[in-house]
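> Got a predicted model here, sequence first, then my questions.
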Amino acid sequence: MDNKRIIIAIDGHSSCGKSTFAKAIAARLGYIFIDTGAMYRAVTLYALENGAITMGIVDESRIEAMLKYIDIDIRFNPARGASDIYVNGDLVEGKIRTIEVSNLVSAVSSIGAVRQKLVAMQQEMGRKGGVVMDGRDIGTVVFPNAELKIYMTADPMVRAERRYKELTAKGDNVTLEEVYANVVSRDKADMSRAISPLRKADDAIVLDNSTMSVEEQMSWFDEQYRRVTAQ
Ligand code: DC
């Protein structure tokens, strides 16, 4: 494929397979994959473990004050063919995807100072191009000039079923109803928050993968990529 190393921004609803899709694209193109949701989850986990969230109440000013002590590092792990996320040197990859963190991350990601810190890190990571970044505000805020913007979505029940399978396969004790409620409430929170809400960038192309296999999504992507890099 082409040598031009572009920025590919992937935004969309939670649990619609953005990371799986983004990871596959990055592997295909030899690009770096950056899961920005993992960064918001890592801040949420740190806040939880350090007393800034108690009984589900998020103490915004405490989180703001602790931001300078949170050092996030994303390192490529060749064994997994994906990146691992570290907070202050600790590998947290396995701890950031629990239902507890999922239920709190929308509140943490709506804090302006949190977004400011993480957006600046993301812009620095993608500065040289050759990245596939997935999140909620990549095409609208982080890289408004990205050459290729994809807005992903899928039916909420399809998304809940996919996430439920993933969680139960890991041994998490959750119900489908609980996961569905989380998917719907995160959609609402992500789309209605005051700062950088999830929305489709005007120049993004929509991918609804409710009934698509990963292979079908990849051939759809190849077509979009060819179109953009041929220009
Ligand atoms: O992609 P994810 O489900 O792991 O993301 C977790 C949460 O982080 C999601 O509910 C919204 C927030 N998020 C965000 O606000 N901006 C991003 N660029 C990525 C994620």
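Done, it's in. Predicted model, so just to flag it, every value in this text is computed and none were measured. Residues are numbered from 1 along each chain as shown.

> any idea how far E178 is from V101?
Computed as Cβ to Cβ, to the nearest Å, the E178 to V101 distance reads 14 Å. To be clear about C-beta, it is placed using only N, CA and C from the backbone, and glycine gets the same treatment.

> More neighbours: which of the two?
Using other Cβ atoms under 10 Å, the more surrounded residue of E178 and V101 is V101, with 20 against 15.

> Just the element for that one, please.
helix 99-109 (DSSP states H and E).

> Now for the nearest residue to G129 once chain neighbours are set aside, how many residues are close by?
Once flanking residues are discounted, G129 sits nearest to R5: 4.2 Å by Cβ to Cβ, 6 or more residues apart in numbering. By the measure other Cβ under 10 Å, the count of residues near R5 is 15.

> ok so, going back, what residues sit buried inside the helix holding V101?
Residues of helix 99-109 classed as buried by neighbour count (16 or more other Cβ atoms under 10 Å): 101-109.

> and the closest residue to D155 other than its chain neighbours, what does it touch?
Nearest non-adjacent residue to D155, counting by Cβ to Cβ, 6+ apart: S210, 4.5 Å away. For S210, the contact set (Cβ atoms under 8 Å, 6 or more residues apart in numbering) comprises 154-155, 158.

> try E93
38, 84-85.

> From Y86, how far off is it?
Per Cβ to Cβ, E93 is found 8 Å from Y86.

> Y31 now?
In this view, Y31 and Y86 are 21 Å apart by Cβ to Cβ.

> hmm, back to that, and for the helix holding V101, what are the contacting residues?
With contact meaning Cβ under 8 Å, 6+ apart, helix 99-109 is reached by 37, 40-41, 43-45, 47-48, 53, 56, 58, 63, 95, 114-115, 136, 167, 172, 174, 178-179, 182, 185-186, 189-190, 193.

> That one and the ligand, are they touching?
Yes. Applying Cβ under 6 Å from any ligand atom, one finds helix 99-109 in contact with the ligand at 105-106, 109.

> quick one: L118 is in a strand?
No. Counting by DSSP: H, G, I helix; E, B strand; the rest coil, L118 is not found in a strand; it is helix.

> sorry, back to before: can I get the contacts of S210 in CSV with neighbour count, pLDDT and secondary structure?
Converted to CSV, these look like this (neighbours: other Cβ atoms under 10 Å; pLDDT from 0 to 100; DSSP: H, G, I helix; E, B strand; the rest coil):
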residue, neighbour count, pLDDT, secondary structure
A154, 20, 97, coil
D155, 14, 97, coil
V158, 17, 96, helix
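
> Return the member of these nearest to R226.
For those, the residue nearest R226 by Cβ to Cβ is A154; the value is 24.1 Å.

> just to revisit the earlier point, I'd guess the residue nearest to G129 is in a helix, am I close?
No. Judged by three-state DSSP, R5 forms no part of a helix; its state is coil.

> Next one: it relative to the ligand, how far apart?
R5 sits 21 Å away from the ligand, going by Cβ to the nearest ligand atom, to the nearest Å.

> before we move on, the earlier item: quick one: which of the contacts of helix 99-109 sit in helices?
Mapping the contacts of helix 99-109 onto helices (DSSP state H) picks out 37, 40-41, 43-45, 47-48, 63, 114-115, 167, 178-179, 182, 185-186, 189-190.
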